[in-house]
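Visitor: My questions concern the predicted model and sequence given below.
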Amino acid sequence: MNRTAWQIAVISAASALGGTYLFGGEWLRFFSYFGSWGTIGIVLVTLGFVWLTAKIVLLIRDTGLQSHRQFLFHLFGERAAPALSSTLALLLLIYVGSLLQEYAKAAQGTLSLPMLAGMLVCAALSFAFLRSKGSTVFAGSIIALAMSALLLGLVFSLQHYVPLPPLTYQLNISWLWHAIFFVCLHALLLFSAFLPTHSTEDTSVSTPVVYLGAAFGGIIILTISLIGHFAILAHWHDAHSLENPLLEILTNRSPLLLYPYLLVALWQVSLVASMLIRSVCEPLLQSSELRPLPLQLLFLGLVVLIAFGGSIVPHFSVYVELLLRLIGFTILVRLIQQKFAKRP
């Protein structure tokens with residue numbers, strides 16, 4: 001597999017999994033609560049990410065999209081694009097703030113690290129990724145995925161037996177709606193990650209290479225997600241009512257693993273944060289004479305303020321994610337409409 005396919009696979013997996021997946025909260029809410037149906041949901045979500053990755057990369061290659069505004073113009077037209085793109089950019093920055101807040105809150109609960117310190121550490125590492133070249137982000141994504149798979153495997157190994165409920169458990173369509181809502185948010189992360197890395201790339205990348213990269217990225221997403229999902233199910237009685245189940249499992253069962261686990265979680269949160277901030281910064285830099293450093297520092301300062309303010313607002317991240325999921329749902333519906341509209 002050539003470098004382009006690897007890059008597509010790694011960026012797809014690193015972004016689609018999200019910033020805080022190592023905490024386990026999203027997997028618990030969207031999949032593990034539904035037992036075996038949640039397992040089916042993970043498989044369907046993975047197939048959706050494979051299709052979205054190929055669709056997004058081919059769209060960027062064929063149309064030269066370089067910003068959220070151009071992408072939304074392609075989907076919704078000239079009248080809706082400016083307002084939607086401004087709203088999306090603002091919400092993504094707020095979402096980055098919520099990621100920093102979630103990490104700082106988890107670090108405070110497990111290591112007694114002050115929340116402001118946790119936010120600043122995240123911001124500093126995000127700044128390092130922002131100032132790095134694309135090859136460094138690619139390498140950082142490989143490190144994050146490899147270490148995540150290893151540590152999640154170790155968490156799973158703490159309890160070998162996985163009680164899989166029968167399909168008669170949670171026999172309703174709630175699992176399907178949750179799987180769709182999971183894709184809605186993470187599709188935005190996926191697209192935002194690919195904009196800075198592929199908008200200026202060689203447009204001659206072949207379609208088979210794109211499909212190969214998307215498929216391999218799906219294998220990575222499926223593998224890591226299933227390990228995390230089964231780890232939660234294996235510790236169900238300890239984890240089913242927790243906000244960050246995987247962290248709590250480590251705290252109770254293997255405290256020594258907690259420190260490397262939080263370091264990898266910090267790496268992943270900062271990596272995704274830098275991808276999202278870059279996707280907002282790059283169009284502004286290309287359309288103006290602004291210098292990168294002041295703009296990046298401005299946005300980082302803004303997300304730290306958002307994170308700090310959000311720490312005193314109950315359910316702050318829930319509200320932000322809900323708005324982003326609504327936008328993501330609208331975009332997914334429009335992409336599907338365009339796909340079927342092109343059929344003879």
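Guide: Received it, and whenever you're ready, just let me know what you need. Residues are numbered from 1 along each chain as shown.

Visitor: which secondary structure elements does the host helix or strand of residue 145 contact?
Guide: For residue 145, the host element (DSSP states H and E) is helix 134-157. If contacts are counted by 3 or more C-beta pairs under 8 Å, 6 or more residues apart in numbering; DSSP states H and E, helix 134-157 sits against helix 3-16, helix 115-130, helix 174-198, helix 207-234, helix 245-253, helix 255-286. In short, each C-beta sits where N, CA and C put it, glycine included.

Visitor: Pick the most buried one from those.
Guide: Stretch with highest mean neighbour count among the helices and strands packed on helix 134-157: helix 3-16 (a mean of 24; mean count of other C-beta atoms under 10 Å).

Visitor: CA atoms only: put it into CSV for me.
Guide: This file holds the C-alpha atoms of helix 3-16, laid out as CSV (Å, rounded to 0.1, in the frame of the first residue of the first chain):
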residue,chain,number,x,y,z
ARG,A,3,2.0,6.4,1.1
THR,A,4,-1.2,8.2,-0.1
ALA,A,5,-3.4,5.2,0.8
TRP,A,6,-1.7,5.0,4.2
GLN,A,7,-2.2,8.7,4.8
ILE,A,8,-5.9,8.5,3.9
ALA,A,9,-6.4,5.5,6.2
VAL,A,10,-4.5,7.0,9.2
ILE,A,11,-6.1,10.4,9.0
SER,A,12,-9.5,8.9,8.5
ALA,A,13,-9.2,6.6,11.5
ALA,A,14,-7.6,9.2,13.8
SER,A,15,-10.3,11.8,13.1
ALA,A,16,-13.3,9.6,12.8
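
Visitor: That one packs against which elements?
Guide: helix 36-63, helix 134-157, helix 174-198, helix 207-234, helix 255-286.

Visitor: Would you mark the buried spots in the second one?
Guide: Of the residues in helix 134-157, those buried by neighbour count under the rule 16 or more other C-beta atoms under 10 Å are 137-138, 140-142, 144-145, 147-148, 151-152, 154-156.

Visitor: can you check the first one too?
Guide: Of the residues in helix 36-63, those buried under the neighbour-count criterion (16+ other C-beta under 10 Å) are 36-42, 45-46, 48-50, 52-57, 59-61.

Visitor: CSV for the helices and strands packed on helix 134-157, including distance to residue 327 and mean pLDDT?
Guide: CSV is the format used below for the helices and strands packed on helix 134-157 (distance: least, C-beta to C-beta, whole Å; pLDDT from 0 to 100):
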stretch, distance to residue 327, mean pLDDT
helix 3-16, 16, 92
helix 115-130, 23, 94
helix 174-198, 7, 88
helix 207-234, 22, 94
helix 245-253, 28, 86
helix 255-286, 14, 91
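
Visitor: Of all those helices, which one is nearest residue 95?
Guide: helix 255-286 (6.9 Å; C-beta to C-beta).

Visitor: Could you figure out how far that closest one is turned away from helix 115-130?
Guide: Put simply, helix 255-286 runs at 60 degrees to helix 115-130, going by axes from the mean of the first three to the mean of the last three C-alpha atoms, to 10 degrees.

Visitor: quick check: angle from helix 255-286 to helix 174-198?
Guide: 60 degrees.

Visitor: that older thread, just the CA atoms from the helix holding residue 145 would do, formatted as PDB, please.
Guide: Once non-C-alpha atoms are left out, helix 134-157 reads as follows in PDB (Å, rounded to 0.1, in the frame of the first residue of the first chain):
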ATOM      1  CA  GLY A 134       1.600  17.400   7.500                       C
ATOM      2  CA  SER A 135       4.100  14.600   7.700                       C
ATOM      3  CA  THR A 136       4.400  15.200  11.500                       C
ATOM      4  CA  VAL A 137       0.600  15.100  11.900                       C
ATOM      5  CA  PHE A 138       0.600  11.900   9.900                       C
ATOM      6  CA  ALA A 139       3.300  10.400  12.100                       C
ATOM      7  CA  GLY A 140       1.500  11.600  15.200                       C
ATOM      8  CA  SER A 141      -1.700   9.900  14.100                       C
ATOM      9  CA  ILE A 142       0.100   6.600  13.600                       C
ATOM     10  CA  ILE A 143       1.500   6.800  17.100                       C
ATOM     11  CA  ALA A 144      -1.900   7.700  18.600                       C
ATOM     12  CA  LEU A 145      -3.600   4.800  16.800                       C
ATOM     13  CA  ALA A 146      -0.900   2.200  17.600                       C
ATOM     14  CA  MET A 147      -0.700   3.100  21.300                       C
ATOM     15  CA  SER A 148      -4.400   3.300  21.600                       C
ATOM     16  CA  ALA A 149      -4.900  -0.200  20.200                       C
ATOM     17  CA  LEU A 150      -2.100  -1.500  22.500                       C
ATOM     18  CA  LEU A 151      -3.500   0.100  25.700                       C
ATOM     19  CA  LEU A 152      -7.100  -0.800  24.900                       C
ATOM     20  CA  GLY A 153      -6.000  -4.400  24.400                       C
ATOM     21  CA  LEU A 154      -4.400  -4.300  27.800                       C
ATOM     22  CA  VAL A 155      -7.600  -3.000  29.400                       C
ATOM     23  CA  PHE A 156      -9.500  -5.700  27.700                       C
ATOM     24  CA  SER A 157      -7.100  -8.300  28.900                       C
END
